[in-house]
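Novice: Sequence and predicted model, in that order:
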Amino acid sequence: MVYVAASNRYEHMQYRRSGHSGLKLPLISFGLWHNFGGVDARKTGKEMIRKAFDLGITHFDLANNYGPPPGSAEEFFGEILKTDLAPYRDELIISSKAGYKMWDGPYGDWGSKKYLVSSLDQSLKRMGLEYVDVFYHHRPDPNTPLEETMHALDLLVRQGKALYIGISSYDAKQTSEAVKILNDMGTPLFIHQPAYSMLNRWIEDGLQEVLEENGVGSIAFVPLAQGLLTSKYLNGIPKGSRASKGTSLSQEEITDATISKLIQLNEIAKERNQSLAQMSLAWVLREGKVTSALIGASKVEQIEENVKALDHLAFSKSELEMIDSILTS
């Protein structure tokens, strides 16, 4: 059956401008880090991407190494673009990244110009695209001069292979230096993608200030702490969860103290008529400091639930104080 996007897809979603740029992102973006590799069910993956777009999620986030195996998430997304989303390409913001190991040898990792240019060329072929909307350096490289990495990003924009550029997981000092280098070249930094959630607030210690001062947007990845900030772990570690499999979330992270905090946070969410996941996303998006929250999913229902976070984004002063009290106890 030929896919036709929902005619009301823009009625509920809200959009926020990324820094000082002219581009708006949906408050909820969709990432293909997990569940879209060559080992995952194609039917479910297609249903999730369709549902995301039908709900007004226009931004789809990938990376060269997403899978497994590496590259397979981009290949799968390329298939969906061809069969379902091709008529809507100009309504989509598609991003990719490079910075982690992708192929053997000295040129398939980190942040050299050789690696970044080659990697984006490969990503474009896998997805069947002429350009990506956003291309990120995925992590800081301690051994490559920052000037070289930023020059590579600038080059890719000038070649027309990326419209905007971003960085991920850079600290405040590294971000400030990257901003200056890129401004001098005339290709401003568009966005930063840091990990950020109620349980991981490192960006509040300087990075958010740097981004605000320089007009750079931000998109928070793992805003639900890889599922911890959902109802899934309120009664311990369920079978089939990431923690039970020991993949990207370890059982050691789920202590009695952590579960106690989740239970207390869930009570506040109930008072707000939200699920814990919905409140957690609203919290990340509070006060307009974060442009977008980047979610993942393993089933359509999770996307539907998460988007409903937008129904109640405001927090009272007392709610924020209670949440801070729980998180710092």
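Specialist: On my side now, so go ahead. Numbers count the residues shown, from 1 in each chain.
Novice: so how far is the host helix or strand of Glu213 from its chain's centroid?
Specialist: Element membership for Glu213, per DSSP states H and E: helix 207-214. Computed by Cα atoms, centre = their mean, to the nearest Å, the separation of helix 207-214 from the middle of its chain amounts to 18 Å.
Novice: State the number of residues packed around the closest residue to Phe36 other than its chain neighbours.
Specialist: Spatial nearest neighbour of Phe36, excluding adjacent residues (Cβ to Cβ, 6 or more residues apart in numbering): Ala73 at 4.3 Å. (C-beta placed from N, C-alpha, C; glycine too.) Residues within reach of Ala73, counting by other Cβ atoms under 10 Å, total 29.
Novice: pLDDT value on Ala73, please?
Specialist: Here, the pLDDT recorded for Ala73 equals 97.
Novice: Does it belong to a helix, a strand or coil?
Specialist: Secondary structure for Ala73, judged by DSSP: H, G, I helix; E, B strand; the rest coil, is helix.
Novice: try the one 3 residues further on
Specialist: Classification of Phe76 by three-state DSSP places it in helix.
Novice: can you check His192 too?
Specialist: His192 - assigned by three-state DSSP - is strand.
Novice: The nearest residue to it once chain neighbours are set aside: how many residues sit nearby?
Specialist: The shortest distance from His192 to any non-neighbouring residue, by Cβ to Cβ, 6+ apart, is to Ser218 (5.0 Å). Using other Cβ under 10 Å, Ser218 has 22 other residues around it.
Novice: name the helices or strands packed onto the helix holding Glu213?
Specialist: When contacts are defined as 3 or more Cβ pairs under 8 Å, 6 or more residues apart in numbering; DSSP states H and E, helix 207-214 packs onto helix 172-185, strand 217-221.
Novice: Let me know which of those is the nearest to Lys97.
Specialist: strand 217-221 (10.5 Å; Cβ to Cβ).
Novice: you'd agree the residue nearest to Phe36 is up against Phe60?
Specialist: No: Ala73 is beyond contact range of Phe60, at 10.2 Å (criterion: Cβ atoms under 8 Å).
Novice: Common neighbours of the two, please.
Specialist: Common neighbours of Ala73 and Phe60, using Cβ atoms under 8 Å, 6 or more residues apart in numbering, are Leu32.
Novice: Which among the helices and strands packed on helix 207-214 is found nearest to Asp54?
Specialist: Closest to Asp54 of the helices and strands packed on helix 207-214 is strand 217-221 (Cβ to Cβ; 21.0 Å).
Novice: the strands in the chain, which residues?
Specialist: 15-17, 24-26, 28-31, 59-61, 93-98, 132-137, 162-168, 191-193, 217-221, 292-295 (DSSP state E).
Novice: Take those strands and lay them out in a markdown table including mean pLDDT and distance to Asp205.
Specialist: Formatted as a markdown table, these follow (pLDDT from 0 to 100; distance: least, Cβ to Cβ, whole Å):
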| stretch | mean pLDDT | distance to Asp205 |
| --- | --- | --- |
| strand 15-17 | 98 | 23 |
| strand 24-26 | 98 | 24 |
| strand 28-31 | 98 | 24 |
| strand 59-61 | 98 | 24 |
| strand 93-98 | 98 | 24 |
| strand 132-137 | 98 | 21 |
| strand 162-168 | 98 | 17 |
| strand 191-193 | 98 | 14 |
| strand 217-221 | 98 | 14 |
| strand 292-295 | 98 | 20 |
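Novice: So which of those is nearest Asn273?
Specialist: Comparing the strands of the chain by Cβ to Cβ, strand 28-31 comes nearest, at 18.4 Å.
Novice: In the closest one, which residues are buried?
Specialist: Of all the residues in strand 28-31, those buried under the rule 16 or more other Cβ atoms under 10 Å are Ile28, Ser29, Phe30, Gly31.
Novice: hmm, back to that, now tabulate the strands of the chain in TSV and tack on distance to Gly105.
Specialist: Below are the strands of the chain laid out as TSV (distance: least, Cβ to Cβ, whole Å):
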stretch	distance to Gly105
strand 15-17	41
strand 24-26	35
strand 28-31	28
strand 59-61	27
strand 93-98	15
strand 132-137	19
strand 162-168	23
strand 191-193	27
strand 217-221	28
strand 292-295	31
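Novice: Thank you kindly, that will do.
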